[in-house]
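1. Structure of the sequence below:
(2 chains, ligands or ions: 2)
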Amino acid sequence: MTTDQVAFKIGLLGPSRVGKTSLVTAMLSEAQRMLAGSGVAMVAADTATEVVIDGNREALQGDLLSGEFLHGSLLGTVEPTYFKLALDPGVPDARIDIELLDFPGGWIKPKDRVGVEDQWEKCRKFIAASTILLVPVDASLLMETTEKEHLRLLPQFLTTVQVEQVARDWAIERNRRPEEPALVAFCPVKGEAYFNDNGGIKNRSVLLRQRFDTVYAGVVQAVRAEAPKATILYAPVDTIGCVELVRADWTKSSTGIWGFDAKYRVRGKAEISRMGVDDLMTAIAQQLIYGKRLAGAQESDDLRALANRAAEYAERSEGFFRDIWLWVNRERQARRTAAAQHDREAREALHRVLALDAVLEKIAAQRFGPRVSRL
Amino acid sequence: MLDRRRARLPEVQAVITNWRNVDQQLISLSSALDLLRNHPSVLPDAAAGLAIPQFTEMRAQVAQVIEQYTAVEARFSRDTVNIGVSGSARMGKSTLLQSISGLGDEQIPTGRDLPVTAIRSRIYNSPDLRRAVLRLHSPESFLDEVIKAYHLELGFDQWPTTLDEFRTWNYPAELSDPKPDKVSLLARLRDIHAALWSYEQDLCRAEREMVVGLDHLRQFVAYPTHESQHSTDPVPRRYLAVRDARIDCAFPHAEVDRLGIIDLPGLGEIAAGAESHHVTGLRHEVDVVLLIKKASETSAFWTAADAQALKLLDLARGSIRNRGDFVYLVVNTPKGAESLADPLRAHITHQVNDGQPGKYFTVLDTDAAEPESVRGGVLSPLLTALAARLPVMDEECLAGAREAAAGTAAGIELMLADLTTAMRSVRAASGDVTETIADQARKLREDLAIELNALVAELRARVMADEDDPEYVSAIKAVYGDVVAWIEGGFGIGAETWQAAAFRAFGTDGSGRYADEQINRIRVEIGNRFAALDTFYSGQIERTRRDVGLILRRHCGDLLTGAGEGTALLTELADLLDNPRNPCPALHQAVTGLLALRMEYRSHLHPLLRPQLDGLRMQYEDPRTGRPVAVIVPELTEKGARDLYVNFTHLAENAAHEVRKALMAGEMTPVMVTYAAVEHFVDAFIRSGASNELGSPGSEREFERFARAYRDELWPGAYQGIAEGNVRYDRVMTLIDTLYGTLAEARRAA
Ligand SMILES: Nc1nc2c(ncn2[C@@H]2O[C@H](COP(=O)(O)OP(=O)(O)O)[C@@H](O)[C@H]2O)c(=O)[nH]1
Ligand SMILES: [Mg+2]
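-> Residues are numbered from 1 along each chain as shown, chains lettered A, B, ... in the order given. Ligands and ions are numbered 1, 2, ... in the order given. As a prediction, the model looks like this:
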C-alpha cells in the first residue's frame, strides 16, 4: 500500500511561507505524542519527508534560540512538495499511508504552469483524490494589516483566489462521491498573539475570526455550494506556541514589490507549545473512521455493489476508500488466518491491527477544543 | 376794447408762468434723468428708456408756446391801439407820422434826400403830455451793441470795453482792404469816435431814462444836417446815446384817444438777417401795420421789394387768420401825382389782391402830407375796421397760442407717459432697500449653502475614500517611526548604557526596581511621543476652519477681509454675529461650535489607546490560571541585563505597533471628526429652524438680520448706491409728477 492510489490524501493549500511545512511537522509531532504507548506509530514514510521535517524542526529550534525572528511573506511559486507519512501498527500491509501535497498555488493560473504541465496534472489528480483539504491561513497578515492600501494586497498574499479555485474543483469532485467523507480545515497559523489560551495575554480570537470570515468568505462559499455534505472546520493552530508577534510592517521595495515583514519574539520559556494540532488530528481521524464505517456497514451485497462502484472509481485511479474496503477485507482475512493457524505471531498482528483501529476510534472520539468551529 | 384786453391779462400771464415752469422742469427732468441713467444701480437695458427724446425740439416748442403767449401778453397789456407804419425810404412815412401826430420836423425829422431818422419813435396820443422819454445806453451797452458791431463788421479782432479805451482808440485813416462799404463804415465809426464828447455825458447819466422837451428832440433822433456835417465845428451826435424814444403828445384828431403810432424801419433799412427778428418784435408792438407806398415818378409800380416787404410783415401776423386784418396798404398820393396813383393802385390790385380790390388787403388812399386826408383816408377807415376786427384778432392770437400749447403739452405728456413706463422697469429691477436686503440675504444663504455643501461632500468623499487619508497615514507613520527610533536607539540612552545601568542596578536592588522604573518610563515616553500627533490634529482642525472661513469670507464682501483666516476669522465672525441689535444666535452658535472643536491625543485618543500600552508591564495575570506571572525575571548578570533590554524593546515595539494599529484602524480618524464637525456646522448655519431655547427665528431669518446689520460691509457700495439711486429715481418721479401738474395748470389757466 505504498502507491498513490492507496494512500489517504490530504491537500495543503496556501502560499509559500505561510507555514505548511510547519503544520505537517506539527501534525507529525502531535500524532506521535497522541499515539505514544498505543503500539501504533506515526512516521515519515520516505526520506524526502524526513529531510524536510528535520530541516523544519532545526530551523525552528534556531529561531527559538535566537529569541526573536523575522519572517517575511513573499510572493512566488515553489515546487510541489509531497509529504509521506504513515500510521504504522507494525504489521506489514496493515499501515495506513497518508500523503500530503503542498500545492503550489501559483499554478492555478495557466500561464504559470507552462513547462510544468506534467507536474500540474499530477497535482490536479492528487487534489481530486484528496479526502481532506488543509488551508493554513496567515493570521498575522489578517490581523496586522490596517491600511486600506495594504488590505487590498491581502488576497494576493493569502492567495485566496487560487485557493478558492482549487477548493471548488476539489468540492465538485467530492460531491461526486457521496459515500466518501470530505473535510476542509482552515487553519489560521502564526496567531499566537490573538489567543490567551497558550501563553498570550489578550484574546483577539473573535476579531481574527471576523477577518477570516471576511477574507475567506469566497472560499467557504465555494466549498459549501459545491459539496454541501463536506465538513468545513475553522481550526486555529499554534504550531510553535511559544512565540508571538512584536510588530509587522508592510514594505515596498525600490522596485515596487510589496512585502510583509513580521517580527516575532519568543515568549515565556522557549518550549514548543502546540495548540489545536490535536483537533486537526481528531478531524482527520474522524474522516478515516467515517470512511471505514461507511465501508464496513455494507458487507454482503451492498459491499459488492460498493466494491463494484469503487472499482469504477479505481479505474479513474482514485479512491482511498476502495482501499479501505480492501483493508477491511484484509482484516477479516487476517482473523480467519489467525483462527486457522493459531499462530502466535498472527494473533499479535491482529491485535495490532485492531489497536490501530482502536486508537483511531479514540482520537476521532476526542472533542474539539474551544478554538474550533464548524463553518 | 383795451379794458377787455386788460382783464384777460392775468390769465395769460399765469399761462406764461406755467410754461416757463414747464421749460425749467423739462431741463431739470432731463438732467435728473442723466443722473439716474448714469447711476450704477441702473441696468443698461433700463437706462435706454431714461431720456427725453428730442429734448431740444421739445424745448423749442415750449419756447414757441411761450413766445406766442408773450405776444398775446404784449397785445393784451397795451395801453393803446398801436399802429405800425412801415414803408421804404422816400415813401412818406415820416410825413404820414407827422400828419397823424401833429408833430413837426423837430420831432419826426424828414429830409429831402439824405436819410435823417436816426432813432425811431413810438408816438402815443396823450391829451396832457408833451414830451419825449429817451431810453439811454449805458457805456457798456453802447460799446457792446454799437461799437463792437462796427468793429466786427470791419474785421477788427478787438474792441474797446471802456469809454476811456474807446476814447484813446487809434482808428486807422485807411483800410488795408478798401471795399467801398467798409470804407464808409470806417468813416462812420470815425465820426462816432470823434463825436464821443457830445454823447459821453448821456451815456454816463445815472438815470437810464431822460425826459426831453419836444422842442429839443431833434438832436436825439436825427442825424446831423448836411450843413453841420460840412462845417468846421465838431459835429455833435447825441442820438448815439439813445436806445429808443417814446413821444407823448396830443394828436390833433383825437377820435381815438388811446392810440399809438410806431415808426417801423423800412424793410430795406435793416440787415437781412435781422428782418425776421424784427418782425417777431413787431408782433409785440403793433396791432396793425400800414405799409405805405407813394405814387411818384420813381415808384409807380408794386415792385418785388414791396412784395417781399409785405411777405415779411405778414409773418408778424402770427395766428391772426386774415392777412388783411393785420396789414393795410396805403397809397400815398402827393399833390400833383394823382395821375400816377391810378396805375399804381391798379397794379397793386393786380399783384396783391388777385385783381379783385380788397380781396386780401385793404388799400387806403391818402395824401400823407395832408392831415385831413390822412384822417379821412387812413385813420377813420382803419379804426373803424379795427373796432370790429381787433377782438377777433385777439381771439385768434389766443387760440393760436392755446393750440400750440395743447400740441406741445400733448407731446410732453406722451413723453412723460413713456418715461413713467421706463421708470417702472427701473424700479422693478432695483427694488427698495429692505426688499433688496432680504433678497441678498437669501442669495447669500443659497450661495454659502452651495459651497459649504460642496465642502461637506468633499470631506465625506475623503471619509468614504477607498484610500486612507494619506496625510493621516504619514503623520502616524512619522510619529511611529520616531517612537521606534527611540526604542531602537536604546530608549534614548543607547543600548549599552541602558544595559550597563540595568546591571549596576541589579547589584543594589535586584532586577525589580530598575525594571519597574524603566517600564513606566517607556510607557510614559511612548504616550508622550504619540502626543506629537496633536500638531497634526490641530492642523487639520485649523485647516477645516480655514476652508469654512474662506468660503464665508468669499461671500461676505468686505466684512471679513481684515480678520485673518481660520480660527481668527471665525472668532471675528462669531463676534459680529453676537450683535445685540440684530442677534443671530443660531448662526453664532454654529460658528462657536466649530471654534470649540478639539481633537487632542491626550484627551481624546489616549484613553482609547491606553490598553495598547498594557503589555508594558512587569507582571500580568495568566488568563489560564488567574495567577500573576512575571514578564521576565532576568538573571542578575550582564546577560540578564541584555535579556531585560531585549525584552523591553520587544514590549515597547509591540506597544508602539499596537498604538499605531489602533490609530490606523481607529473609529475616529481626523477627517471623520472634521467631516462630522463641518456637516454639523453647515446644518446649524444654513438649515436651523426656529428655536425658543436659543431665541432664534431660524437660520433664514437670521441671515436677514445679519444682512441688515452688515449690509454696507457685505455688499460694499451697493446700499449707499441704492439709496443714492433711489434719491435720483425719486427726483425723476417727482419731476414727472410736477410736470404733469404744471401742464394741467397751464391748461386750466388757459
Ligand atoms: N509564529 C509562527 N510562525 C510560524 C508558524 N508556522 C510557521 N511559522 C514560521 O513561518 C515560516 C514559514 O513556515 P513554513 O512552514 O516553512 O512555511 P511553508 O512555506 O508554507 O511551508 C517559518 O519561519 C516558520 O517558523 C506559526 O504558527 N507561528
Ligand atoms: Mg514549505
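
2. Residue nearest the middle of chain A, spatially speaking?
-> Centroid-nearest residue in chain A: A:L134, 4.1 Å away (criterion: CA atoms, centre = their mean).

3. Now do the SS call for that residue.
-> strand (DSSP: H, G, I helix; E, B strand; the rest coil).

4. Surely it is in contact with A:C187?
-> Yes: here A:L134 reaches A:C187: they are 6.2 Å apart, a contact under CB atoms under 8 Å. To be clear about C-beta, it is placed using only N, CA and C from the backbone, and glycine gets the same treatment.

5. what is in contact with these two at once?
-> A:L23, A:L280 (CB atoms under 8 Å, 6 or more residues apart in numbering or on different chains).

6. Could you report the separation of B:S126 from ligand 1?
-> As judged by CB to the nearest ligand atom, to the nearest Å, B:S126 and ligand 1 stand 146 Å apart.

7. Tell me, how many residues neighbour that residue?
-> Using other CB atoms under 10 Å in any protein chain shown, B:S126 has 20 neighbouring residues.

8. Without its sequence neighbours, what residue ends up closest to it?
-> Excluding its sequence neighbours, the residue lying closest to B:S126 (CB to CB, 6 or more residues apart in numbering or on different chains) is B:D248, at 4.0 Å.

9. what secondary structure does that neighbour sit in?
-> Applying three-state DSSP: B:D248 is strand.

10. what's the answer for B:T508, then?
-> Assignment for B:T508 (three-state DSSP): helix.

11. how many neighbours does it have?
-> Neighbours around B:T508, by other CB under 10 Å: 8.

12. do you know how far B:E395 is from B:L663?
-> Distance, B:E395 to B:L663, using CB to CB, to the nearest Å: 109 Å.

13. More neighbours: these two, which one.
-> Legend: neighbour count by other CB under 10 Å for B:E395 and B:L663, higher for B:L663 (24 against 13).

14. For A:I98, what is the enclosing helix or strand?
-> Using DSSP states H and E, A:I98 maps to strand A:96-103.

15. so the next helix or strand after that strand versus strand A:96-103, what angle?
-> Heading C-terminal from strand A:96-103, the first helix or strand you meet, by DSSP H and E, is helix A:117-129. Angle, helix A:117-129 to strand A:96-103, by axes from the mean of the first three to the mean of the last three CA atoms, to 10 degrees: 130 degrees.

16. What residue spans form the domains of chain A?
-> According to automatic domain parsing, chain A is divided into the following domains: A:7-294+A:365-374, A:296-362.

17. Is there proximity between the first one and chain B?
-> Yes: interface with chain B: domain A:7-294+A:365-374 contributes A:67-68, A:144, A:146-149, A:196-197, A:200-201, A:203, A:245-248, A:263, A:265 (CB under 8 Å from any CB of the partner chain).

18. got a list of what B:R460 touches?
-> Counting by CB under 8 Å, 6+ apart, B:R460 has contacts B:Y675, B:E679.

19. secondary structure element for residue 140?
-> Let's take chain A. Following DSSP H and E, one finds A:S140 within helix A:139-144.

20. Can you look at chain B instead?
-> Going by DSSP H and E, B:E140 is part of helix B:139-141.

21. Based on its surroundings, how many neighbours for the closest residue to B:Y740 other than its chain neighbours?
-> Ranked by CB to CB, 6+ apart and with sequence neighbours excluded, the top spatial neighbour of B:Y740 is B:L416, at 6.2 Å. Residue crowding around B:L416 was assessed by other CB under 10 Å; the count is 19.

22. Quickly note the distance from B:L416 to chain A.
-> 75 Å (CB to the nearest CB, to the nearest Å).

23. Checking that residue next. Helix, strand or coil?
-> helix.

24. for the helix holding A:S140, what is the average pLDDT?
-> Across helix A:139-144, pLDDT averages out at 95.

25. next one: stretch B:511-525
-> 89.

26. Would you indicate which residues of it are buried?
-> B:S511, B:Y514, B:A515, B:Q518, B:I519, B:I522, B:R523, B:E525 (16 or more other CB atoms under 10 Å in any protein chain shown).

27. What sits closest to the residue most central in space within chain B if chain neighbours are left out?
-> With distances taken as CA atoms, centre = their mean, B:L35 lies nearest the centre of chain B, 2.3 Å away. Once flanking residues are discounted, B:L35 sits nearest to B:R728: 5.0 Å by CB to CB, 6+ apart.

28. ditto for B:A74
-> The nearest residue in space to B:A74 (CB to CB, 6+ apart) is B:H284, at 3.8 Å.

29. What of B:E73?
-> Using CB to CB, 6+ apart, the nearest residue to B:E73 is B:V12, at 5.0 Å.

30. and the one you found, how many residues sit next to it?
-> Based on other CB under 10 Å, the number of other residues close to B:V12 is 24.

31. if we can go back for a sec, inside helices: which ones of the residues of domain A:7-294+A:365-374 next to chain B?
-> The helices, defined by DSSP state H, take in A:E144, A:K148, A:E149 from the residues of domain A:7-294+A:365-374 next to chain B.

32. List just the nearest of these to B:I16.
-> A:K148 (93.8 Å; CB to CB).

33. mind listing what that closest one touches?
-> By CB under 8 Å, 6+ apart, the neighbours of A:K148 are B:D466, B:E467, B:D468.

34. Excluding sequence neighbours, find me the nearest residue to the last one.
-> The reference is to B:D468. Ranked by CB to CB, 6+ apart and with sequence neighbours excluded, the top spatial neighbour of B:D468 is A:K148, at 4.9 Å.

35. So for the one you found, what pLDDT did the model give?
-> 89.

36. what do you get for B:R345?
-> Per the predicted model, pLDDT is 89 at B:R345.

37. tell me the SS of the closest residue to ligand 1 within the stretch 501-650 of chain B?
-> Per CB to the nearest ligand atom, B:H650 is where the stretch 501-650 of chain B lies closest to ligand 1, at 13.6 Å. Per three-state DSSP, the local secondary structure of B:H650 is helix.

38. isn't it right up against A:R265?
-> Yes: when contacts are counted by CB under 8 Å, B:H650 is listed as touching A:R265 (4.5 Å).

39. what sits in contact with each of these two?
-> With CB under 8 Å, 6+ apart as the test, B:H650 and A:R265 both reach A:E68, A:V246.

40. out of the two, which sits in the busier spot?
-> Shown here are B:H650 and A:R265; by other CB under 10 Å, B:H650 has more neighbours (25 against 21).
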